[in-house]
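K.L.:
compute the structure for the input listed below.
(one chain, ligands or ions: 1)
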Amino acid sequence: MTNLAIAANGLRKSYGDKNVLDGIDLAVPQGTVFSLLGPNGAGKTTAVKILSTLIPPGPGSGEIRVGGYDLATDPQAARAAIGVTGQFSAVDGLITGEENMLLMADLHHLPKAQGRQVATELLERFDLTDAAKKPASAYSGGMKRRLDIAMTLVGAPRIIFLDEPTTGLDPRSRHNMWGIIRELVSTGVTVFLTTQYLEEADQLADRIAVLHNGRIAAEGTADELKRLIPGGHIRLRFTDPTTYRHAATALTDAAPDDEALTLQLPSDGSQRALRTILDRLDTAGIEADELTVHTPDLDDVFFALTGSTTVPSQSSQTKETAR
Ligand SMILES: Nc1ncnc2c1ncn2[C@@H]1O[C@H](COP(=O)(O)OP(=O)(O)OP(=O)(O)O)[C@@H](O)[C@H]1O
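P.N.:
From the prediction side, this is the model:
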């Protein structure tokens, strides 16, 4: 267990008769990014709050270790090893970015000169030097998130909890944030990330766990999770109903959608599979208005595991319907 930054056994939490976490196990090696995925209300924030000592675990939970320290017996030491940013931001809008940073330095009991130096360096690193003297309330969403992370780093935490760090950010700010997270990890920091964006988990996480109905429905690398979903498909779209019907009669193995005028054929998305389908279309004299290749991605995994259907082969359809 010593090389694990976070280790939890049988993590439980209920609110009233609602079992939010129903005994989940977590093992996050040092220096890696672990992503907890789940639909809204799945219990991601609850897990972050317990692991970061903000709320106690529910009765019956097993041992929880963060930074090597047992949360039950040594919460202070665990707290010293971690930083938390996210939905419950620490940024005070009434004071400037620099003042927020200095306040953090005071909270960490850094000597004045050292506090100033750390604040200046972090503001520079997060591209906030020009805005340092402006009240944080005037910052954009992306700047506030950057300031929030910069404030977290004042205490030089080895483990950082990022609760939906890019929710609501525009694509450029999101990519900037990904760069920041990658840089943190390159310095050996462990990141526990919750996100609603599957692409984010795919981009950043070494391991991903999907939380559903209070349990971990699946866990693994992005590739391992994608392998849970068999195959992809090729989708043919028609605008003319007669052409569509002709194609549906010719391609008996295709799944038809009479309303959308589309046909879906199972395919691994390879060049060879594509050529076979094009040959079949040529032979039957069919010309589709649009042909799209769909390979399984994390969305498919997510919908297959947390959607109404649990039949993997239906996942692709689930995704398309859901969009
Ligand atoms: N203090 C509380 N009292 C009662 N119920 C709570 C409390 N905190 C959370 N819950 C409930 O626990 C469930 C999980 O909430 P949580 O915030 O952990 O979900 P989440 O996965 O982080 O969701 P989101 O993506 O929407 O932030 C929800 O149904 C929520 O309403």
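K.L.:
drop to CA atoms for contacts and neighbour counts, all remaining ones
P.N.:
Will do.
K.L.:
tell me the contacts of Leu225?
P.N.:
218-219, 298, 301 (CA atoms under 8 Å, 6 or more residues apart in numbering).
K.L.:
how about the helices in the chain?
P.N.:
44-51, 75-81, 97-107, 112-125, 141-153, 171-186, 198-204, 222-227, 241-250, 271-283, 298-306, 315-322 (DSSP state H).
K.L.:
redo these as CSV? Include distance to Val28.
P.N.:
CSV is the format used below for those (distance: least, CA to CA, whole Å):
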stretch, distance to Val28
helix 44-51, 12
helix 75-81, 15
helix 97-107, 27
helix 112-125, 26
helix 141-153, 20
helix 171-186, 13
helix 198-204, 14
helix 222-227, 15
helix 241-250, 49
helix 271-283, 38
helix 298-306, 20
helix 315-322, 28
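K.L.:
adding neighbour count and pLDDT, write the contacts of Leu225 out as JSON lines.
P.N.:
Output for the contacts of Leu225, formatted as JSON lines (neighbours: other CA atoms under 10 Å; pLDDT from 0 to 100):
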{"residue": "Ala218", "neighbour count": "16", "pLDDT": "91"}
{"residue": "Glu219", "neighbour count": "17", "pLDDT": "94"}
{"residue": "Leu298", "neighbour count": "20", "pLDDT": "75"}
{"residue": "Val301", "neighbour count": "26", "pLDDT": "79"}
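K.L.:
find me the pLDDT at the nearest residue to Ala81 once chain neighbours are set aside, would you?
P.N.:
Spatial nearest neighbour of Ala81, excluding adjacent residues (CA to CA, 6 or more residues apart in numbering): Pro157 at 5.1 Å. Looking at Pro157, its pLDDT reads 93.
K.L.:
for Pro157, what are phi and psi?
P.N.:
phi -70, psi 150 (degrees, to the nearest 10).
K.L.:
that one and Ile82 touch, don't they?
P.N.:
Yes - Pro157 lies in contact with Ile82 (CA atoms under 8 Å); the separation is 4.8 Å.
K.L.:
more neighbours: which of those two?
P.N.:
For Pro157 versus Ile82, neighbours defined as other CA atoms under 10 Å are more numerous around Ile82 (25 against 17).
K.L.:
name whatever forms a beta bridge with the more buried one.
P.N.:
Ile159 (DSSP bridges).
K.L.:
could you list the low-pLDDT ranges of the stretch 151-300 of the chain?
P.N.:
Along the stretch 151-300 of the chain, the model assigns pLDDT under 70 to residues 230-231.
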